[in-house]
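> Predicted model and sequence below, questions to follow.
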Amino acid sequence: MTEVHDPLMTAVGLRKAFGRTEALRGVSMSLAPGEVLAVTGPSGSGKSTLLLCLAGVLRPEAGHVQYAGQRLDELSESQRTRLRRRELGLVLQFGQLVPELTGVQNVMMPLLLNRHDRAAARTSSLGWLERLGAGQVADVVPGEMSGGEAQRVAVARALVAGPRVVFADEPTGALDTLSGERVLEALLSSARDTGAAVVLVTHDNRVAATADREIVLRDGRADPRLVT
Amino acid sequence: MSLGHVLLGVLADGPAHGYDLKRAHDERFPAVKTLAYGQVYATLARLERDGLVEVAETTQGAGPERTAYALTAEGRAALLGWLEKPEPAGPYPADDLVRKTVVALRLGADADAYLRRQREVHLARMRELLALQRATDAVDARIVVDHTISHLDADLRWLETAANRLAEGRGR
(Lines give C-alpha, C1' and ligand atoms only; values in the text may rest on other atoms or scores of the structure.)
Protein backbone atom coordinates (compact mmCIF):
# COMPACT_ATOMS: atom_id res chain seq x y z
CA MET A 1 0.00 0.00 0.00
CA THR A 2 1.26 3.46 -0.84
CA GLU A 3 2.16 5.68 2.08
CA VAL A 4 -0.39 8.50 2.09
CA HIS A 5 2.14 11.12 3.09
CA ASP A 6 4.70 10.33 0.42
CA PRO A 7 5.57 13.60 -1.26
CA LEU A 8 4.00 14.17 -4.65
CA MET A 9 6.90 16.30 -5.74
CA THR A 10 10.42 16.81 -4.44
CA ALA A 11 13.24 19.05 -5.56
CA VAL A 12 16.83 18.37 -4.61
CA GLY A 13 19.67 20.91 -4.83
CA LEU A 14 18.19 22.98 -7.65
CA ARG A 15 20.58 25.47 -9.24
CA LYS A 16 19.75 27.79 -12.09
CA ALA A 17 21.57 30.84 -13.45
CA PHE A 18 20.61 33.44 -16.02
CA GLY A 19 23.87 34.77 -17.39
CA ARG A 20 25.87 35.84 -14.35
CA THR A 21 22.84 35.96 -12.07
CA GLU A 22 22.43 32.87 -9.95
CA ALA A 23 18.66 32.67 -9.43
CA LEU A 24 18.71 29.37 -7.50
CA ARG A 25 21.72 28.23 -5.49
CA GLY A 26 20.74 24.82 -4.26
CA VAL A 27 17.07 24.71 -3.26
CA SER A 28 15.50 21.54 -1.93
CA MET A 29 11.84 21.17 -1.03
CA SER A 30 8.92 18.79 -1.13
CA LEU A 31 5.21 19.00 -1.76
CA ALA A 32 2.60 16.63 -0.35
CA PRO A 33 -0.52 15.64 -2.30
CA GLY A 34 -3.24 18.25 -1.81
CA GLU A 35 -0.93 20.59 0.07
CA VAL A 36 -1.02 24.36 -0.39
CA LEU A 37 2.53 25.71 -0.26
CA ALA A 38 3.46 29.40 -0.34
CA VAL A 39 6.84 30.46 -1.71
CA THR A 40 7.77 33.91 -0.43
CA GLY A 41 10.85 36.11 -0.27
CA PRO A 42 12.14 39.41 -1.62
CA SER A 43 12.10 40.29 -5.31
CA GLY A 44 14.88 38.51 -7.14
CA SER A 45 15.19 35.78 -4.50
CA GLY A 46 14.41 33.05 -7.06
CA LYS A 47 10.72 32.40 -6.36
CA SER A 48 9.49 32.42 -9.95
CA THR A 49 12.51 30.47 -11.16
CA LEU A 50 11.79 27.79 -8.57
CA LEU A 51 8.16 27.65 -9.66
CA LEU A 52 9.08 27.28 -13.34
CA CYS A 53 11.64 24.57 -12.55
CA LEU A 54 9.04 22.64 -10.53
CA ALA A 55 6.51 23.06 -13.33
CA GLY A 56 8.97 21.59 -15.81
CA VAL A 57 9.14 24.80 -17.84
CA LEU A 58 12.76 25.60 -16.96
CA ARG A 59 15.53 23.03 -16.69
CA PRO A 60 17.77 23.41 -13.64
CA GLU A 61 21.53 23.24 -14.29
CA ALA A 62 22.07 21.07 -11.26
CA GLY A 63 19.80 19.12 -8.98
CA HIS A 64 16.55 17.55 -10.08
CA VAL A 65 12.81 17.57 -9.67
CA GLN A 66 10.94 14.36 -9.03
CA TYR A 67 7.21 14.13 -9.64
CA ALA A 68 5.16 11.07 -8.71
CA GLY A 69 8.31 8.98 -8.55
CA GLN A 70 9.75 10.16 -11.88
CA ARG A 71 12.65 12.53 -12.44
CA LEU A 72 11.61 15.30 -14.83
CA ASP A 73 15.13 15.51 -16.30
CA GLU A 74 14.93 11.85 -17.33
CA LEU A 75 11.77 12.38 -19.39
CA SER A 76 11.90 13.11 -23.08
CA GLU A 77 10.71 16.54 -24.26
CA SER A 78 7.41 15.06 -25.47
CA GLN A 79 6.85 13.20 -22.20
CA ARG A 80 7.51 16.38 -20.28
CA THR A 81 5.12 18.35 -22.48
CA ARG A 82 2.44 15.74 -21.91
CA LEU A 83 3.03 15.88 -18.17
CA ARG A 84 2.73 19.68 -18.19
CA ARG A 85 -0.54 19.48 -20.12
CA ARG A 86 -2.18 16.75 -18.10
CA GLU A 87 -0.84 16.81 -14.58
CA LEU A 88 0.39 20.35 -13.97
CA GLY A 89 -1.52 23.64 -14.24
CA LEU A 90 0.10 27.07 -14.40
CA VAL A 91 -1.33 30.51 -13.55
CA LEU A 92 0.82 33.61 -14.08
CA GLN A 93 0.41 37.10 -12.63
CA PHE A 94 -1.22 38.66 -15.65
CA GLY A 95 -3.20 35.63 -16.75
CA GLN A 96 -1.32 35.34 -20.07
CA LEU A 97 -4.48 34.54 -21.97
CA VAL A 98 -4.41 34.28 -25.74
CA PRO A 99 -5.76 37.70 -26.76
CA GLU A 100 -7.48 36.51 -29.95
CA LEU A 101 -9.52 33.81 -28.20
CA THR A 102 -12.63 34.25 -26.06
CA GLY A 103 -12.78 33.26 -22.41
CA VAL A 104 -14.16 29.80 -23.06
CA GLN A 105 -11.76 29.19 -25.97
CA ASN A 106 -8.84 30.02 -23.71
CA VAL A 107 -10.04 27.56 -21.09
CA MET A 108 -10.59 24.85 -23.72
CA MET A 109 -7.00 25.02 -24.98
CA PRO A 110 -5.40 22.43 -22.68
CA LEU A 111 -8.25 19.99 -23.40
CA LEU A 112 -7.92 20.44 -27.16
CA LEU A 113 -4.16 19.94 -26.88
CA ASN A 114 -4.94 16.74 -24.99
CA ARG A 115 -7.18 15.76 -27.96
CA HIS A 116 -10.48 15.93 -26.16
CA ASP A 117 -13.64 16.15 -28.19
CA ARG A 118 -14.38 19.82 -28.94
CA ALA A 119 -18.03 19.80 -27.79
CA ALA A 120 -17.17 18.02 -24.55
CA ALA A 121 -14.24 20.40 -24.00
CA ARG A 122 -16.53 23.38 -24.45
CA THR A 123 -19.13 22.04 -22.00
CA SER A 124 -16.51 21.28 -19.38
CA SER A 125 -14.81 24.68 -19.85
CA LEU A 126 -18.10 26.54 -19.49
CA GLY A 127 -18.67 24.57 -16.28
CA TRP A 128 -15.31 25.71 -14.89
CA LEU A 129 -15.96 29.34 -15.84
CA GLU A 130 -19.34 29.22 -14.06
CA ARG A 131 -17.79 27.64 -11.01
CA LEU A 132 -15.16 30.37 -10.82
CA GLY A 133 -17.79 33.08 -11.24
CA ALA A 134 -16.58 34.04 -14.71
CA GLY A 135 -19.43 32.63 -16.83
CA GLN A 136 -20.23 36.14 -18.08
CA VAL A 137 -16.93 36.40 -19.97
CA ALA A 138 -17.20 33.06 -21.81
CA ASP A 139 -17.67 34.86 -25.13
CA VAL A 140 -15.56 37.94 -24.34
CA VAL A 141 -11.95 38.42 -25.48
CA PRO A 142 -9.33 39.15 -22.77
CA GLY A 143 -8.94 42.80 -23.81
CA GLU A 144 -12.50 43.44 -22.70
CA MET A 145 -12.28 41.62 -19.35
CA SER A 146 -11.44 43.17 -15.96
CA GLY A 147 -8.22 42.02 -14.28
CA GLY A 148 -10.17 39.81 -11.90
CA GLU A 149 -12.18 38.21 -14.71
CA ALA A 150 -9.07 37.51 -16.80
CA GLN A 151 -7.37 35.96 -13.78
CA ARG A 152 -10.37 33.70 -13.13
CA VAL A 153 -10.29 32.56 -16.74
CA ALA A 154 -6.59 31.79 -16.26
CA VAL A 155 -7.41 29.78 -13.13
CA ALA A 156 -10.14 27.90 -15.00
CA ARG A 157 -7.63 27.11 -17.77
CA ALA A 158 -5.13 25.83 -15.21
CA LEU A 159 -7.72 23.57 -13.57
CA VAL A 160 -9.74 22.30 -16.55
CA ALA A 161 -7.51 19.32 -17.33
CA GLY A 162 -7.67 18.08 -13.72
CA PRO A 163 -4.03 18.68 -12.75
CA ARG A 164 -2.55 17.20 -9.60
CA VAL A 165 -0.47 20.32 -8.98
CA VAL A 166 -1.38 23.92 -9.78
CA PHE A 167 1.46 26.44 -9.88
CA ALA A 168 0.49 30.08 -9.50
CA ASP A 169 2.95 32.97 -9.79
CA GLU A 170 1.57 36.04 -7.99
CA PRO A 171 -2.02 35.10 -8.89
CA THR A 172 -3.37 38.11 -6.97
CA GLY A 173 -0.47 40.47 -7.67
CA ALA A 174 -2.28 42.66 -10.17
CA LEU A 175 -5.62 42.71 -8.33
CA ASP A 176 -7.16 44.79 -5.54
CA THR A 177 -7.70 43.05 -2.19
CA LEU A 178 -11.27 41.89 -2.78
CA SER A 179 -10.73 40.71 -6.37
CA GLY A 180 -7.59 38.93 -5.19
CA GLU A 181 -9.51 37.30 -2.37
CA ARG A 182 -12.17 35.99 -4.76
CA VAL A 183 -9.61 34.62 -7.23
CA LEU A 184 -7.65 32.95 -4.45
CA GLU A 185 -10.78 31.48 -2.89
CA ALA A 186 -11.89 30.17 -6.29
CA LEU A 187 -8.48 28.64 -6.92
CA LEU A 188 -8.14 27.03 -3.50
CA SER A 189 -11.67 25.70 -3.19
CA SER A 190 -11.46 24.15 -6.65
CA ALA A 191 -8.09 22.64 -5.85
CA ARG A 192 -9.48 21.29 -2.59
CA ASP A 193 -12.41 19.70 -4.41
CA THR A 194 -10.17 18.01 -6.96
CA GLY A 195 -7.42 17.16 -4.45
CA ALA A 196 -4.81 19.15 -6.37
CA ALA A 197 -1.76 20.51 -4.56
CA VAL A 198 -1.07 24.23 -5.05
CA VAL A 199 2.23 26.09 -5.11
CA LEU A 200 1.76 29.85 -4.75
CA VAL A 201 4.55 32.35 -5.36
CA THR A 202 3.44 35.47 -3.58
CA HIS A 203 4.27 38.80 -1.96
CA ASP A 204 0.79 38.94 -0.49
CA ASN A 205 0.67 38.07 3.22
CA ARG A 206 -2.99 37.13 2.96
CA VAL A 207 -2.06 34.53 0.37
CA ALA A 208 0.88 33.27 2.44
CA ALA A 209 -1.39 32.97 5.50
CA THR A 210 -3.87 30.92 3.50
CA ALA A 211 -1.26 28.29 2.66
CA ASP A 212 -0.59 25.21 4.80
CA ARG A 213 3.14 25.88 4.77
CA GLU A 214 5.59 28.54 3.70
CA ILE A 215 9.06 28.38 2.15
CA VAL A 216 11.03 31.62 2.31
CA LEU A 217 13.68 32.16 -0.35
CA ARG A 218 16.55 34.58 0.06
CA ASP A 219 19.31 35.00 -2.53
CA GLY A 220 18.38 31.78 -4.28
CA ARG A 221 18.37 29.67 -1.13
CA ALA A 222 15.55 28.43 1.06
CA ASP A 223 15.84 29.88 4.54
CA PRO A 224 16.02 26.62 6.49
CA ARG A 225 14.80 28.24 9.67
CA LEU A 226 11.64 29.55 8.12
CA VAL A 227 9.93 26.55 6.66
CA THR A 228 6.77 26.47 8.72
CA MET B 1 6.36 44.86 27.44
CA SER B 2 7.21 46.24 30.89
CA LEU B 3 9.10 49.43 31.64
CA GLY B 4 11.77 47.18 33.16
CA HIS B 5 12.44 45.63 29.76
CA VAL B 6 12.43 49.06 28.17
CA LEU B 7 15.17 50.31 30.50
CA LEU B 8 17.18 47.10 30.30
CA GLY B 9 16.98 47.43 26.54
CA VAL B 10 18.36 50.96 26.60
CA LEU B 11 21.10 49.86 29.03
CA ALA B 12 22.20 47.30 26.42
CA ASP B 13 24.12 50.26 24.93
CA GLY B 14 26.24 50.64 28.07
CA PRO B 15 25.98 52.14 31.56
CA ALA B 16 23.85 55.26 31.94
CA HIS B 17 22.31 57.57 34.54
CA GLY B 18 18.56 57.65 35.03
CA TYR B 19 18.43 61.01 33.34
CA ASP B 20 20.38 59.77 30.30
CA LEU B 21 18.22 56.66 30.09
CA LYS B 22 15.06 58.71 29.84
CA ARG B 23 16.62 60.92 27.17
CA ALA B 24 18.04 58.00 25.17
CA HIS B 25 14.68 56.23 25.32
CA ASP B 26 12.71 59.27 24.19
CA GLU B 27 15.11 59.88 21.31
CA ARG B 28 15.18 56.30 20.16
CA PHE B 29 11.42 55.79 20.21
CA PRO B 30 10.03 59.17 19.13
CA ALA B 31 6.61 57.75 18.29
CA VAL B 32 5.83 56.52 21.83
CA LYS B 33 4.94 58.25 25.06
CA THR B 34 7.95 59.83 26.79
CA LEU B 35 9.07 58.37 30.14
CA ALA B 36 8.56 60.18 33.44
CA TYR B 37 11.69 60.56 35.63
CA GLY B 38 9.88 59.19 38.69
CA GLN B 39 8.97 56.03 36.75
CA VAL B 40 12.57 55.62 35.60
CA TYR B 41 14.11 55.89 39.07
CA ALA B 42 11.53 53.63 40.71
CA THR B 43 12.03 51.01 38.03
CA LEU B 44 15.83 51.20 38.28
CA ALA B 45 15.58 50.62 42.04
CA ARG B 46 13.45 47.54 41.41
CA LEU B 47 15.81 46.24 38.74
CA GLU B 48 18.76 46.71 41.11
CA ARG B 49 16.91 44.87 43.87
CA ASP B 50 16.28 41.98 41.45
CA GLY B 51 19.93 41.90 40.41
CA LEU B 52 19.23 42.83 36.79
CA VAL B 53 21.21 46.09 36.95
CA GLU B 54 24.01 47.25 39.23
CA VAL B 55 25.56 50.54 40.16
CA ALA B 56 28.44 51.17 37.80
CA GLU B 57 29.57 54.51 39.16
CA THR B 58 28.48 57.25 41.53
CA THR B 59 29.59 60.82 40.89
CA GLN B 60 29.15 63.86 43.03
CA GLY B 61 29.06 67.11 41.08
CA ALA B 62 27.62 70.49 42.01
CA GLY B 63 24.11 69.06 42.18
CA PRO B 64 22.78 65.86 43.70
CA GLU B 65 24.69 62.59 43.56
CA ARG B 66 24.37 60.82 40.19
CA THR B 67 24.34 57.06 39.88
CA ALA B 68 25.13 55.27 36.65
CA TYR B 69 23.60 51.81 36.21
CA ALA B 70 24.86 48.91 34.13
CA LEU B 71 23.24 45.73 32.89
CA THR B 72 24.28 42.65 34.91
CA ALA B 73 24.73 39.19 33.41
CA GLU B 74 21.28 38.35 34.80
CA GLY B 75 19.86 41.48 33.21
CA ARG B 76 21.27 40.46 29.87
CA ALA B 77 19.88 36.95 30.32
CA ALA B 78 16.47 38.44 31.16
CA LEU B 79 16.54 40.45 27.91
CA LEU B 80 17.59 37.42 25.90
CA GLY B 81 14.77 35.40 27.50
CA TRP B 82 12.32 38.15 26.59
CA LEU B 83 13.59 38.12 22.98
CA GLU B 84 13.02 34.36 22.79
CA LYS B 85 9.30 34.93 23.04
CA PRO B 86 7.49 36.53 20.11
CA GLU B 87 4.79 39.00 21.05
CA PRO B 88 1.16 37.95 20.65
CA ALA B 89 -0.12 39.14 17.28
CA GLY B 90 -2.13 41.90 18.87
CA PRO B 91 -3.81 43.71 20.31
CA TYR B 92 -0.62 45.42 21.47
CA PRO B 93 1.13 48.73 21.17
CA ALA B 94 2.83 48.27 17.81
CA ASP B 95 6.16 49.62 19.00
CA ASP B 96 6.91 46.45 21.00
CA LEU B 97 7.98 44.71 17.79
CA VAL B 98 10.29 47.61 17.01
CA ARG B 99 11.73 47.66 20.50
CA LYS B 100 12.49 43.95 20.47
CA THR B 101 14.29 44.20 17.16
CA VAL B 102 16.34 47.21 18.21
CA VAL B 103 17.27 45.56 21.51
CA ALA B 104 18.30 42.39 19.67
CA LEU B 105 20.60 44.47 17.46
CA ARG B 106 22.09 46.43 20.36
CA LEU B 107 22.70 43.22 22.27
CA GLY B 108 24.29 41.57 19.28
CA ALA B 109 21.59 38.86 19.62
CA ASP B 110 19.97 37.00 16.71
CA ALA B 111 17.55 39.65 15.44
CA ASP B 112 16.77 37.51 12.37
CA ALA B 113 15.56 34.68 14.58
CA TYR B 114 13.29 37.06 16.45
CA LEU B 115 11.86 38.45 13.20
CA ARG B 116 11.19 34.92 11.92
CA ARG B 117 9.44 33.83 15.10
CA GLN B 118 7.35 36.98 15.02
CA ARG B 119 6.40 36.41 11.37
CA GLU B 120 5.18 32.92 12.21
CA VAL B 121 2.99 34.25 15.03
CA HIS B 122 1.58 37.01 12.84
CA LEU B 123 0.93 34.68 9.91
CA ALA B 124 -0.81 32.19 12.19
CA ARG B 125 -3.04 34.96 13.55
CA MET B 126 -3.80 36.16 10.03
CA ARG B 127 -4.72 32.60 9.08
CA GLU B 128 -7.21 32.46 11.97
CA LEU B 129 -8.71 35.81 11.02
CA LEU B 130 -9.06 34.87 7.35
CA ALA B 131 -10.87 31.69 8.39
CA LEU B 132 -13.11 33.73 10.67
CA GLN B 133 -13.83 36.12 7.83
CA ARG B 134 -14.65 33.34 5.39
CA ALA B 135 -17.02 31.80 7.93
CA THR B 136 -19.31 34.82 8.00
CA ASP B 137 -21.49 36.53 5.42
CA ALA B 138 -22.10 39.59 7.59
CA VAL B 139 -20.56 42.61 5.87
CA ASP B 140 -19.94 44.49 9.11
CA ALA B 141 -18.12 41.54 10.65
CA ARG B 142 -16.01 41.18 7.52
CA ILE B 143 -15.11 44.86 7.61
CA VAL B 144 -14.10 44.67 11.26
CA VAL B 145 -11.84 41.70 10.52
CA ASP B 146 -10.38 43.59 7.53
CA HIS B 147 -9.21 46.28 9.92
CA THR B 148 -7.29 43.83 12.08
CA ILE B 149 -5.93 41.98 9.04
CA SER B 150 -4.69 45.24 7.52
CA HIS B 151 -2.75 46.07 10.68
CA LEU B 152 -1.27 42.58 10.79
CA ASP B 153 -0.36 42.97 7.14
CA ALA B 154 1.40 46.26 7.87
CA ASP B 155 3.39 44.59 10.66
CA LEU B 156 4.23 41.63 8.42
CA ARG B 157 5.51 43.99 5.75
CA TRP B 158 7.59 45.79 8.33
CA LEU B 159 8.99 42.45 9.63
CA GLU B 160 9.92 41.49 6.07
CA THR B 161 11.55 44.85 5.35
CA ALA B 162 13.50 44.65 8.61
CA ALA B 163 14.76 41.16 7.70
CA ASN B 164 15.74 42.43 4.25
CA ARG B 165 17.59 45.39 5.76
CA LEU B 166 19.52 43.05 8.04
CA ALA B 167 20.46 40.90 5.04
CA GLU B 168 21.45 44.02 3.11
CA GLY B 169 23.54 45.22 6.06
CA ARG B 170 25.38 41.89 6.14
CA GLY B 171 26.01 42.11 2.39
CA ARG B 172 27.81 45.45 2.66
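That came through, no problem. Numbers count the residues shown, from 1 in each chain, chains lettered A, B, ... in the order given.
> contacts, neighbours, all on C-alpha from now
Will do.
> list the helices and strands the longest helix seen in chain B packs on?
In chain B, assigned by DSSP state H, the helix with the most residues is helix B:139-171. Applying 3 or more C-alpha pairs under 8 Å, 6 or more residues apart in numbering or on different chains; DSSP states H and E, we find helix B:139-171 packed against helix A:205-210, helix B:111-134.
> Could you rerun that using 10 Å?
Here helix B:139-171 touches helix A:205-210, helix B:95-107, helix B:111-134, going by 3 or more C-alpha pairs under 10 Å, 6 or more residues apart in numbering or on different chains; DSSP states H and E.
> The longest one versus helix B:95-107: what angle between them?
The directions of helix B:111-134 and helix B:95-107 differ by 160 degrees, with axes from the mean of the first three to the mean of the last three C-alpha atoms, to 10 degrees as the criterion.
> Helix B:111-134 vs chain A: in contact?
Yes - interface with chain A: helix B:111-134 contributes B:112-113, B:116-117, B:119-120, B:122-131, B:134 (C-alpha under 10 Å from any C-alpha of the partner chain).
> relative to helix B:139-171, how tilted is that helix?
If you take the same axes, to 10 degrees, helix B:111-134 sits at 160 degrees to helix B:139-171.
> So for helix B:111-134, what gets flagged as buried?
For helix B:111-134, a neighbour-count test (16 or more other C-alpha atoms under 10 Å in any protein chain shown) marks B:111-127, B:129-130, B:133 as buried.
> try the second one
Neighbour counts using 16+ other C-alpha under 10 Å place B:97, B:99-104, B:106-107 of helix B:95-107 among the buried residues.
> List the contacts of residue A:31.
A:5-11, A:37, A:67, A:165, A:197-199, A:213 (C-alpha atoms under 10 Å, 6 or more residues apart in numbering or on different chains).
> Which two among those residues are spaced furthest apart?
The most widely separated members of the contacts of residue A:31, counting by C-alpha to C-alpha, are A:67 and A:213 (19.0 Å).
> Are the longest helix anywhere in chain A and chain B in contact anywhere?
Determined from DSSP H, the single longest helix within chain A is helix A:177-194. Yes - using C-alpha under 10 Å from any C-alpha, helix A:177-194 reaches chain B at residue A:185.
> tell me the secondary structure for the residue positioned nearest the centre of chain A?
Centroid-nearest residue in chain A, with C-alpha atoms, centre = their mean: residue A:167, separated by 1.4 Å. When states are read from DSSP: H, G, I helix; E, B strand; the rest coil, the local structure at residue A:167 comes out as strand.
> How about residue A:66?
Residue A:66 ends up strand, using three-state DSSP.
> list the contacts for residue 69?
Because you didn't say which chain, this covers chain A. Counted by C-alpha under 10 Å, 6+ apart, residue A:69 has contacts A:6-10.
> Actually, chain B is the one I wanted.
Shown in contact with residue B:69 (C-alpha under 10 Å, 6+ apart): B:8, B:11, B:14-18, B:21, B:44-45, B:47-48, B:53-58.
> Buried ones among those?
B:8, B:11, B:15-18, B:21, B:44, B:47-48, B:53-55.
> So for the longest helix of chain B, what gets flagged as buried?
Neighbour count says helix B:139-171 has B:142, B:145, B:148-149, B:151-153, B:155-160, B:162-164 buried, by 16+ other C-alpha under 10 Å.
> go on, stretch A:9-24?
A:9-11, A:13-16, A:23-24.
> what's in contact with it?
For stretch A:9-24, contacts defined as C-alpha under 10 Å, 6+ apart pick out A:25-33, A:44-50, A:53-54, A:58-71, A:165, A:197, A:217-222.
> And for stretch B:125-137?
Taking C-alpha under 10 Å, 6+ apart as the rule, stretch B:125-137 contacts A:185, A:205-212, B:88-90, B:119-124, B:139, B:141-146, B:148-153, B:156.
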